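Structure of the sequence below:
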Amino acid sequence: MNHAYSLYYQAQVDKTHTWQVTAILRSYEHVAFDRTLDKATGLIEFFVTPGEEAVFLSVMHHFEQKGLVSNLVKLPNRFE
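This is a model prediction of the structure:
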């Protein structure tokens, strides 16, 4: 039986608004943990609670509409 500890996403975040994206996501308790992969390009990874994926995607969609996030992609969790 495969139990994922977290779902894994990566996205480009507008570097001037990284603080907004991370602060807003952190205000949603237990939804996602974020980490910068490449500061120069604004590549951020997100570890998402499986039961909260819909909330995460809703917030990220809003960020995409505002031009703060692009290239959101779900990938295999690199730590499993």
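
so what's the backbone phi/psi at the most centrally placed residue in the chain?
In the chain, the centroid-proximal residue (CA atoms, centre = their mean) is Phe46; its distance is 3.6 Å. Dihedral angles of Phe46 (phi, psi; degrees, to the nearest 10) stand at phi -130, psi 130.

helix/strand/coil for the nearest residue to it once chain neighbours are set aside?
Once flanking residues are discounted, Phe46 sits nearest to Tyr9: 4.4 Å by CB to CB, 6 or more residues apart in numbering. In short, each C-beta sits where N, CA and C put it, glycine included. Three-state assignment for Tyr9 (DSSP: H, G, I helix; E, B strand; the rest coil): strand.

returning to what we had before: list the contacts for the residue nearest to the centre of the chain?
Shown in contact with Phe46 (CB atoms under 8 Å, 6 or more residues apart in numbering): Tyr8, Tyr9, Gln10, Ala11, Leu25, Ala32, Phe33, Asp34, Phe56.

Buried subset of these, written for PyMOL?
To isolate the buried members of the contacts of Phe46 in PyMOL, using 16 or more other CB atoms under 10 Å:
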select buried, resi 8+9+10+11+25+32+34+56
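
what's the closest of the contacts of Phe46 to Asn77?
Proximity of the contacts of Phe46 to Asn77 (CB to CB) peaks at Tyr8, which lies at 4.0 Å.

Quick check, that closest one in contact with Pro76.
Yes: assessed by CB atoms under 8 Å, Tyr8 is found in contact with Pro76 at 6.5 Å.

so Thr22 touches Arg35, yeah?
No: taking contacts as CB under 8 Å, Thr22 lies outside contact range of Arg35: 9.5 Å.
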